[in-house]
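K.L.:
fold the following.
(one chain, ligands or ions: 1)
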Amino acid sequence: MGYIKEKFKVKADELSAEVKDLIKNHGNKKLDDVTIAQAYQGMRGIPGLVTETSLLDANEGIRFRGYSIPELRDNLPKAPGGAEPLPEGLFYLMLIGELPTEADVQYLSGMWARRSHVPNYVFDAIEALPITAHPMTMFTVGIMALQTESDFAKAYAEGINKKDYWSHMYEDTMNLIARLPRIAAYVYRRKYKEGKHIQPNGMLDWSANFAHMLGYDDEGFKELMRLYMTIHSDHEGGNVSAHTTHLVGSALSDAYLSFAAGMNGLAGPLHGLANQEVIRWILSMREELGGGIPTKSQIEQYVRKTLSDGKVVPGYGHAVLRKTDPRFTAQMEFAKKHLPDDELVRIVWMVYETVPPILQDLGKVKNPWPNVDAHSGALLVHYGLVEYEFYTVLFGVSRALGVLASLCWDRALGLSLERPKSVTTEWMKLFAEGKVEASAE
Ligand code: HAX
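P.N.:
Here you go, the predicted structure:
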């Protein structure tokens, strides 16, 4: 057993004992009351999930095991000569709960490089789809084809003890994270670069190798990938991709099945697909206004037209956050340092000055501030990755780090099958009139 796996086992045993005590001594303590509005409106704010890897504060933003994004940028190991954190380090932090050393990060880079082989039938499955298929569809089909490799599914079929579930989930997690960049790059090169594929370079770190396989060997792009893969990885447990991965995993579906399900959620425009929608929206605005940098009043008019057409302004708003997303700020800082004069970046910043007061004036939008997706596209376009339909795949590769680390914890803690209670509107009406009592099934 590798030393990270051993360390995870020690941590998991400790926490499992604490969780057992917590349930035994305080299991009946109420976390919250649930309102009728919460049941109809997306279960906002109901604390019904446990996720160890990160915690979101509405005003402060995400913290990974207690560390904010600026703190991660200061404290996680970097590539030689680089300034952005290596996502291998963030994965270690999420999995083990401690900051990694340089050696831990190198160990993970090496392990993922060694495990990165993708069998040909995965590429064949992607090839079977029409070239017009969305990259997220190709990506998910690739992940599903790879499910044949699941260590967890094989072990379960052979009849393993439930105490060992975590060990097989750990192996699946490491193998899947190692292989995702290859699958994602294959999708990109197949769809946009005439099927001219680029072989991996096992000497590079995980993000740099991904950039290389996509066809971008620029050092600036590699740094962007390291930052991008770090900040998109996790956003506590209730977002659609994390929650779906966890939910499907609770049926003891393996990591491939669970993660592919999560990716189908990420592919929705109110979640991860918003990153392609933002750049599509900005490019259409620029085209409609005849090119160049629009004025603030032109942007304002375009925003108002979007709203009056019954559409959302992509990249703005959030189900939990109530301030500018620190993931947006991190990308803005990257742009200020590396590409302050980029035209698209300047438009993104003008949109940032224009949109919040308009959304605020609507009176119903709970968070008028930008989220992670409002900035990412402009950075990618700058380095030449202009095929915006691919952007959610990049998000998906990163999201694997958080949701798969969480899946290891789910199995290590022996979390139960997820099965909340549902009721009908007829029942809700009777409840509102005091004619039935809320009670567990
Ligand atoms: N533009 C226009 N209207 C918006 C809006 C926006 N950016 N954000 C919220 N609203 C509207 C909602 O559609 C809702 O309107 P109705 O009552 O008419 O249905 C109202 O304001 C209240 O919504 P809310 O409570 O503020 O927001 P929700 O928690 O329901 O939804 C969303 C959160 C992220 C889905 C929402 O803000 C949105 O649609 N934003 C644009 C899409 C987007 O950027 N999604 C990415 C979010 C981050 C993420 O997951 N990234 O992967």
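
K.L.:
any low-confidence regions in this structure?
P.N.:
Scanning the chain for pLDDT under 70 picks out the ranges 440-441.

K.L.:
mind listing what whatever residue of the chain ends up closest to the ligand touches?
P.N.:
Nearest to the ligand in the chain, going by Cβ to the nearest ligand atom, is Gly317, at a distance of 2.1 Å. Quick note: C-beta positions are derived from backbone N, CA and C, even for glycine. If a contact means Cβ atoms under 8 Å, 6 or more residues apart in numbering, then Gly317 has Leu359, Val365, Lys366, Asn367, Pro368, Trp369, Asn371 as its contacts.

K.L.:
please verify my assumption that the fifth one contacts Ala374.
P.N.:
No: in this structure, Pro368 sits apart from Ala374 without contact. The criterion is Cβ atoms under 8 Å, and the distance is 11.6 Å.

K.L.:
just want to know which of those two has more residues nearby.
P.N.:
Comparing Pro368 with Ala374 by other Cβ atoms under 10 Å, the one with more neighbours is Ala374, at 29 against 19.

K.L.:
residue contacts, the more buried one?
P.N.:
Applying Cβ under 8 Å, 6+ apart, the residues contacting Ala374 are Val278, Pro314, Gly315, Tyr316, Asp325, Phe328, Val348, Val351, Tyr352.

K.L.:
surely Leu430 and Val436 touch.
P.N.:
Yes: with contact defined as Cβ under 8 Å, Leu430 and Val436 form a contacting pair (4.5 Å).

K.L.:
other residues contacting stretch 352-372?
P.N.:
Residues contacting stretch 352-372 (Cβ under 8 Å, 6+ apart): 231-232, 274-275, 296, 299-300, 303-304, 307, 313, 315-318, 321-325, 327-328, 331-332, 374.

K.L.:
what subset of these is buried?
P.N.:
Among these, those classed as buried by 16 or more other Cβ atoms under 10 Å are 231-232, 274-275, 299-300, 303, 313, 315-318, 321, 324-325, 327-328, 331-332, 374.

K.L.:
helix or strand for Glu52, which one?
P.N.:
Take DSSP states H and E as the rule and Glu52 turns out to sit in neither a helix nor a strand.

K.L.:
isn't it up against Ile96?
P.N.:
No: here Glu52 lies out of contact with Ile96, judged by Cβ under 8 Å, at a distance of 10.5 Å.

K.L.:
quick one, which of those two is more surrounded?
P.N.:
Glu52 (21 against 18).

K.L.:
can you pull the contacts of the more buried one?
P.N.:
Leu15, Arg65, Met94, Gly97, Ser406, Trp409.

K.L.:
with Glu437 instead?
P.N.:
Listed by Cβ under 8 Å, 6+ apart, the contact set of Glu437 reads Phe431.

K.L.:
what's the distance between it and Trp427?
P.N.:
The gap separating Glu437 from Trp427 is 11 Å, by Cβ to Cβ, to the nearest Å.

K.L.:
just Asp104 next, same as before
P.N.:
51 Å.

K.L.:
neighbour-wise, which of those two wins?
P.N.:
Asp104 (21 against 13).

K.L.:
distance check, that one against Leu93.
P.N.:
Separation of Asp104 from Leu93 (Cβ to Cβ): 9 Å.

K.L.:
which stretches of this protein form strands?
P.N.:
54-57, 61-64, 67-68 (DSSP state E).

K.L.:
counting by contacts, list what the shortest one packs against.
P.N.:
Counting contacts by 3 or more Cβ pairs under 8 Å, 6 or more residues apart in numbering; DSSP states H and E, strand 67-68 packs against no other helix or strand.

K.L.:
name the residues that touch that strand?
P.N.:
Residues contacting strand 67-68 (Cβ under 8 Å, 6+ apart): Glu60, Gly61, Ile62, Asn75, Leu93, Leu99, Pro326.

K.L.:
cutoff 6 Å now
P.N.:
Residues outside strand 67-68 that contact it (Cβ atoms under 6 Å, 6 or more residues apart in numbering): none.

K.L.:
which parts of the chain sit against the ligand?
P.N.:
Contact residues (Cβ under 6 Å from any ligand atom) of the chain with the ligand: 239, 270-272, 274, 307, 312-319, 359, 364-367, 371-373.

K.L.:
can you give me the helices for the stretch 101-250 of the chain?
P.N.:
For the stretch 101-250 of the chain, the helices defined by DSSP state H, counting those that start in this stretch cover 102-114, 120-127, 135-146, 151-158, 165-192, 206-214, 219-231, 240-249.

K.L.:
could you dump the fourth one to PDB, C-alpha only?
P.N.:
So the one you mean is helix 151-158. Extracted C-alpha coordinates of helix 151-158, given in PDB (Å, rounded to 0.1, in the frame of the first residue of the first chain):
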ATOM      1  CA  ASP A 151     -11.500  -2.000  -9.300                       C
ATOM      2  CA  PHE A 152     -14.400  -1.300  -6.900                       C
ATOM      3  CA  ALA A 153     -17.000  -3.000  -9.300                       C
ATOM      4  CA  LYS A 154     -14.700  -6.000  -9.700                       C
ATOM      5  CA  ALA A 155     -14.100  -6.400  -6.000                       C
ATOM      6  CA  TYR A 156     -17.800  -6.000  -5.200                       C
ATOM      7  CA  ALA A 157     -18.700  -8.700  -7.700                       C
ATOM      8  CA  GLU A 158     -16.200 -11.000  -6.100                       C
END
